[in-house]
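1. take this sequence and fold it.
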Amino acid sequence: MASSLTCAGVVWAFLSFLCAAASCVGFFMPYWLLGSQLEKSVSFGTFRRCSYPVRDESRQMTVMVEQCGRYASFQAIPSAEWRICTVVTGLGCGLLLLVALTALMGCCVSDLISRTVGRVAGGIQFLGGKCSCGEGKGM
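-> Numbering: from 1, shown residues only. Take a look at the predicted model:
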């Protein structure tokens with residue numbers, strides 16, 4: 001197995017892949033927000049939800065559907081902010097997975113990733129992490 005990566009590059013590739021996998025699992029799971037409604041436990045993420053209220057027209061009341069599922073359409077996501085979050089997070093997970101898989105291929109194929117490309121990709125990942133961590137600090 002030929003590789004153009006250093007030991008640090010191999011560690012970076014595997015850590016990138018683990019982070020990409022964790023991010024993608026977190027994106028697809030509906031457990032971003034947990035709470036209760038109508039005395040039932042509810043949870044939802046950007047495009048998935050569990051135990052949600054629906055209007056039962058035959059009984060003229062709101063009932064809880066106790067199952068997990070995604071929204072029927074993109075427009076069914078409750079707000080514009082959640083739609084934007086779905087798109088941005090999905091794109092971020094996709095790009096992270098692309099970089100991680102490319103880095104893993106660099107472990108097996110020589111001259112796939114140059115030293116400069118590896119450093120730039122690592123720097124972009126570092127800056128992206130710093131930018132996303134700084135969002136919650138108030139401006």
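
2. I'd like to know how many residues surround the closest residue to Tyr52 other than its chain neighbours.
-> Of all residues not flanking Tyr52 in the chain, Val65 sits nearest, at 5.7 Å (CB to CB, 6 or more residues apart in numbering). Using the backbone N, CA and C atoms, a C-beta is placed for each residue, glycine as well. For Val65, the neighbour count with other CB atoms under 10 Å is 14.

3. again, but for the one 10 residues further on
-> By other CB under 10 Å, 7 other residues sit near Gln75.

4. the residue nearest to Tyr52 and Arg55, how far apart?
-> Using CB to CB, to the nearest Å, Val65 is found at 11 Å from Arg55.

5. pull the longest helix from this structure.
-> Ranked by residue count under DSSP state H, the longest helix found in the chain is helix 80-108.

6. secondary structure element for the residue most central in space within the chain, which one?
-> For the chain, the residue sitting closest to the mean C-alpha position, by CA atoms, centre = their mean, is Phe27 at 3.4 Å. Using DSSP states H and E, Phe27 sits in helix 7-28.
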